[in-house]
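# starting from these lines, generate the structure:
(3 chains)
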Amino acid sequence: MTNYDAIVIGAGHNGLITSSYLAKAGKKVLVVDARSEAGGCASTQAFTNGFHISDCAQWVHQLDDKIVQELSLEMHGLRLGKAKRTIALQASGDHLTLDGDSLSGAEISAADKRAYKAFRSQMRAFGKLMLKLYRTRAPKMVDADWGDRMTLLSLGLGLKMMGRKNMQDMMRLVLINIYDVMNEHFEHDGLKAAVALDAITGTNMGPRSPNTVFTYIHRMVGEALGNRGVSQVMGGMGSLGGALLSSAKTQGVEVRLGEAVTRIIKTHDRVTGVELSSGDVVEATAVVSSADPTTTYRDLLGYRHIEAGQARRVEQYRTRSGTGKLHLALSGLPSFTGVSAEDHSQRLIIAPSMDAMETGLNPIKYRELTSQHVFDISISSIEDPTLAPAGQHVLTALVHYVPYKLKTGWDSDEGAREQLLESLLEQLEAYAPGIRDLIVASEVRVPEDFEASHGMTGGNWHHGELSIDQSLMMRPFPGSTQYTGSVEGLYLCGAGSHPGGSLMGLAGKNAAEEMLKQGVLS
Amino acid sequence: MSAAERKTMLLTTPFHSRVEQNCELNDWGAWQGYTTPNSYFDVELEYFAIRSTAGVLDLSPMNKYRISGPDAEAFLNRLVTRDVSKIGVNRVGYAVWCNDAGELMDDGTIFHLAENDYRLCSYMRADEWLEWNALGFDVTINNESDDIAALAIQGPVSCTILTLIGCEGLNELKPFGIARFDFEGVEMMVSRTGFTGDLGYEVWIDPSKAEALWDQLFGKGRDYLIKPIGSHALHMARIEAGFLQAKVDFVPAEIAVRPGRTRTPLEIGLDWQVDFNKPLFNGRAALLKQKEEGLRYRFVLLDVEGNKPAEHSFILKNGKQIGIVTSAAWCPTVKSNLAFAQVEMPHGAVGDEFVAEIYYQRELQWTRLMAPCKVIDGPLFNPSRKRQTPAPAH
Amino acid sequence: MNKYDAIVIGAGHNGLTNAAYLAKAGLKVAVLERNPHIGGATVSRELYEGWYYSNCSYVSSLLRPEITRDLELPRHGLQVVPFGGGATFMQNGDHFGNYSDYARKYREISRHSKRDANAYERYKADTSRQTRLIRPFLLKTPPDPTSLKLRDLKDLVEFAKPFINMDEEGLLDTIKFWTTSVGDYLNEYFETDVIKAQHAGSGIIGTALGVYSPGTAYVLLHHYMGDVDGNVGAWGFARGGMGAIANALSKSLQSFGGEIICDANVDRIIVKGGRTKGVSLKNGDEYFADIVVSNLDPKRTLLDITDERDLPKDVVQKAKNFKIRGSSGKLNIALDGLPMFDGLDPKNPLMAGDLHFSDSLERMERAYDDWKAGTWSKDPYLDMMIPSLTDPTMAPPGKHMMSVFVQYAPPKVEGREWTDEDKDGFEKSVIDQISKYSPNFRDLILHCETRTPREIEAEVGLTEGNIFQGELTFDQLLFNRPFPGYAQYRMPIKGMYMCSSGTHPGGGVMAAPGANAAREILCDLKRPNTVPGSYADD
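As a prediction, the model looks like this:
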């Protein structure tokens, strides 16, 4: 007796998107999430009296416009803020502004301006090509069926259409590091670092790590999807979750929040349902997990229910992260030196140079604290005053590099968190003197915390490192690709499946489309 | 030489002092990092000891893994293709295991020692694979290869001799059964198992008692013509008995380098080992798929005309090569020329006739022999004493 | 009189190989060498009386056996003797012995971890699968994937075939191998630090990457794909030092009537009407030929000895962007006797192999962090050998010659040129490390030649002292080496070619670039090919 066509584990953006598309096609869908709010990483949290913060993701920069349209998210209350400029803070106070293809400030040379335009235009072309691959399941190459062959053909054709020069560049660039490419194109250290930051966000890599051009192109897909730089979500990131929830409900999706899936139930040789924290057992034709692959296989299904080689694949799947967060409730608007009052609402980044980033990365390889961090700052209460009491502000910052685990442990007697907070504030103060005096409340969140609060193994924002060998047709790992889990009846729709995370929604959408195409629910 | 360097030499087994004394030919080989005799005094006579009196093989280098804990049975059931729950306590079962692709990795025996307590004996080392397999199971795996000394005593008088050294009532032990006896104050485990296809036993004991065990066996067994046997004699017996050997009759999956060289159990005559009723075991999905889509190869036993062993021969059908021989020997007891071969499907049904292209050398001259051969239904050597309980006296 | 059919610039092993094949095809060939001696980075030099230093490259495995045999190098005096493995000394006084005898190595791994010994079987199979893929392409010109020429398409299909012959998982595993870091790759097999460290060395030697840099697993392959007498992965010494290779090649070249002119420092490639016409030397001499082959690295070839005005702009840019990164240095030491190491019998064959002192990935990565920061490693990764234990011609009886390859050493120290004090500091960090494990080492030193990237560049002309003449990252491999569009040895100027390690298949004393370039030149001249094809792997 099957109750549902599909049970979706996790009401994060991908889980909700999968649900909505399945429900739209007339399927009976249940979504379950341990958290009491929908949205997963797109969440807003009450911080301290009257302050609200986006406690996990803070920017939207890759959300697929098509999904926004098809799920009528605006009708369901999604309001994105204005596209933001990136202001790369320089120690000299002579800052650099990146706005789309144009650069200004910081004595930037005409050559750099030209080069930046050309660089962006080429990366956009690569992003566009990549989007072909992102909008569908990643094709198998040996066991390719007709659909896969068509994708490969269209990709090959797209590659040819770019012209010989672009094709040659792509062959060279796709596995190279952003460090070299920056040095090839630009003179200004701050500019190089500002671009490199986009390549390393959410990874545990430094600009010198080969592979970081690939991650940058991944980010550029955001522009091909209709995003112009980063923007904030009005009402906090949780509003995106709210809109997705509302849309899903309208499609007839049943949603159970505050109830965890404790295990995926396998009957004989196929997955037949889930058990909830309440003890309820719910059955369905398919179980679709938007949890990361490690959580799905190791914790929910259990290694004993899959073949050992597959268990080995899961164990070897890399989920390291180097991204933490700083949250500050401020009694007034901080003043970053050299930034106009109005510009404080933009995206402020602190990344002095690529070498400084690389130095910042080193200690985390040995699970130690670094003293040189990279900041990606949002003072969201300026554009959206509802997030803080009148005249007061919230500042959130993505902070690199913060190790997942410390050799000594995050909660040891050494006071590692306090040490980290102190170090971050000290660095921040160099750019925003007096900010310390404004602090009403503060919090640092380390990767381990995100693992605990948002269920992401390793605290990895992409549900698994976005390296070539864990991307595209290899995502998350062989034996579990194309959204099909390694046990019959199990499907994956989270950021751990192609094309990965960053609030894109494509993994969720592709998964639903793939399941419908294969007719697994009928 | 430092202690560390010494450990990289070929190691010796707990029986080494006795083995060395008896190894009259001084013909040594290496087995799992241990120095072991290829033959002791005469391969032919050693072989006949197995078939007409009793042959003793030092089994100590065999890989032995202790698997215990509440999930031991579940763990093994996911590991191997057969249903382990059918191996009762104090029973032994033959088993094979595959990787996820259904490719054969190794074969071995599972000893069900007690509730939730098993020993797995394997031809290949399996430490790493067992460790990966243990993920998600409440089970402890301990490589006890060096902690247990073992001898195989095989042949028609094996039971009699073992009874003489204190294994009272051993004749009542059924094939694949386990019994325990006291030997000089320590436990001696005896299983009615072996690699010769004959009546025979394997004896498992603490290494400190190894030499005493050997002395007792050869003392009490002298009148029954007990003989030590080396790996060459065992090789003849195992072919006669139709037993496969990893690295000889199939390439273990995880060390295969060239594409297409691995085989599934279905392709190597081990389909009887695969229990698809089990909901999960490594390789199940792939094997089901192969069963549906068809096999590439078939394992066959061939009775080859003439008396030239068909080692390394090509198998031809109408002049075209359709297979290769992996093991072959003239089998002295059944007086027949046996070969194990892998042939391409759809060839290889019982009764199919092929030609074996045999090359052999006599006084520097190579001769090519086209020997007709025929697929037979099972090993020719299959004596009733192997199965009888109580075991016959001689 | 100064008129030739072809001029090859640089008498390194690739230049000599290239010239030998051109001469064999009947061309009148001259090789011009800047130094008074030939060999480039494959030399043996007596820098201390009675001791011969292979003072650049020091071991051989990748030298293509097809070339060795075809050019009759053994007849011309080359003898390559394999050595017996190597060892990593550990901080706890133990060591890991990397015995070349498989069974012995297996037991040695078992001594550290039975599980890892078992995993090593899987590791060996998996890496062998990869070497089998790459080996057939070493003596081939890489196809151009952007080209629609019939030959390129045909070659591309041939290149793709073994990949397609794998199953889906095998292919994905291959992509993983080619893109992942050696550290991550080894973590998938081993649990023991010293075993990982021992195997990771081959993933970083010669590159400016750390063990955790993606792409270093491929570098591992680069060190595994050679062979000595068919033993894939084995390494050996050239008897008499690496100069024996250059000497044998030069004799082979001369047997075909080729000429070698030393002390001939090329200043410019002469180009007229879009065609090469010859070269002019720094001393004003000129040599003329319609074919000019450069065995210098791509940067020197295109940026130093070619007039920028003769080149398309994009090629100049590509040459500028070509990554040659100095990452290593070397110490060559004359020893009064054999250094002793705790726990290792001096008779142990490991002593004659490659010895290391980095017993964890973390120590190796920290050594790389120093390089990133622009200094030499304070706790460097060493690849140390005592060739005189294998080859008695390298040092007087009872004495020994030690070769210490050191990683990492930056091309510049914190942005400035190396100074003599820097060099002393670098030397000290190496000597100190070895002394920690060998109590009598320091007292045995009679002479030490310390080579930082500065010295290597000055003497051999390897830009930044990079031993591979260009990083071995995927953006500079196969059809990307040295850069896309120019991987088939032809330069944009008619008659100009490159044959250095900066071209496919890269460095490591393979002689394959030289041979491959010769094949292309002969093809353009419509002459019969003299270059042998690959032996098929079984």
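# give me the phi and psi for the residue of chain A found nearest chain B.
As assessed by CB to the nearest CB, chain B sits closest to A:Tyr303 within chain A, at 2.9 Å. Backbone N, C-alpha and C define where each C-beta goes, glycine included. Dihedral angles of A:Tyr303 (phi, psi; degrees, to the nearest 10) stand at phi -60, psi -30.
# which pLDDT value goes with it?
Listed pLDDT for A:Tyr303 reads 98.
# quick check: it touching B:Asp138?
No - assessed by CB atoms under 8 Å, A:Tyr303 is found out of contact with B:Asp138, at 11.7 Å.
# can you pick out the residue with more neighbours from those two?
A:Tyr303 (22 against 13; other CB atoms under 10 Å in any protein chain shown).
# is the closest residue to the residue of chain A closest to chain B other than its chain neighbours in a helix, a strand, or coil?
Spatial nearest neighbour of A:Tyr303, chain neighbours left out: B:Gly136 (2.9 Å); criterion: CB to CB, 6 or more residues apart in numbering or on different chains. Applying DSSP: H, G, I helix; E, B strand; the rest coil to B:Gly136 yields a three-state assignment of coil.
# okay, now B:Gly136: neighbour count?
22.
# one more: the one 5 residues further on?
Burial of B:Ile141, expressed as a neighbour count using other CB under 10 Å, amounts to 21.
# quick check: residues of the stretch 251-394 of chain B near chain A?
B:279-285 (CB under 8 Å from any CB of the partner chain).
# let's see which of these end up in helices.
B:284-285 (DSSP state H).
# nearest to A:Gln251 among the residues of the stretch 251-394 of chain B next to chain A?
B:Ala285 (33.6 Å; CB to CB).
# centroid residue for chain B?
Taking CA atoms, centre = their mean, the centroid of chain B lies closest to B:Phe195, which sits 4.6 Å from it.
# what sits closest to the one residue in the stretch 201-350 of chain C that gets nearest to chain B if chain neighbours are left out?
Nearest residue of the stretch 201-350 of chain C to chain B, counting by CB to the nearest CB: C:Gly343, 4.8 Å away. Excluding the flanking residues, the one nearest C:Gly343 by CB to CB, 6+ apart is B:Ser2, at 4.8 Å.
# sorry, back to before: how far away is the residue of the stretch 201-350 of chain C closest to chain B from C:Met384?
Per CB to CB, to the nearest Å, C:Gly343 is found 16 Å from C:Met384.
# the two: which is more packed in?
C:Met384 (25 against 17).
# would you agree that one is in contact with C:Met402?
Yes - counting by CB under 8 Å, C:Met402 is a contact partner of C:Met384 at 6.6 Å.
# where does pLDDT dip in the chain?
No chain specified, so I'll use chain A. Chain A contains residues with pLDDT under 70 at A:1-2.
# next to chain B in this structure, residues from it, please.
A:266, A:268-269, A:298, A:302-312, A:315, A:479.
# among those residues, which lie within helices?
A:308-312, A:315.
# burial count for C:Phe177?
With other CB under 10 Å as criterion, C:Phe177 counts 19.
# for it, what are its contacts?
C:126, C:130, C:185, C:217-218, C:221 (CB atoms under 8 Å, 6 or more residues apart in numbering or on different chains).
# quick one: which two of these are the most distant?
C:Asp126 and C:Tyr218 (13.5 Å).
# higher neighbour count, the two?
Between C:Asp126 and C:Tyr218, C:Tyr218 has the larger neighbour count (other CB under 10 Å), namely 23 against 19.
# how many other residues sit next to the nearest residue to that one once chain neighbours are set aside?
Excluding the flanking residues, the one nearest C:Tyr218 by CB to CB, 6+ apart is C:Trp178, at 5.3 Å. By other CB under 10 Å, 20 other residues sit near C:Trp178.
# what pLDDT does C:Trp178 get?
89.
# what residues does the stretch 201-350 of chain C have near chain A?
Proximity of the stretch 201-350 of chain C to chain A, by CB under 8 Å from any CB, involves residues C:209, C:212-215, C:314, C:320-321, C:323.
# name the nearest of those residues relative to A:Lys249.
C:Pro214 (43.0 Å).
# list the contacts of B:Gly169.
Neighbours of B:Gly169 in contact, by CB under 8 Å, 6+ apart: B:163, B:179.
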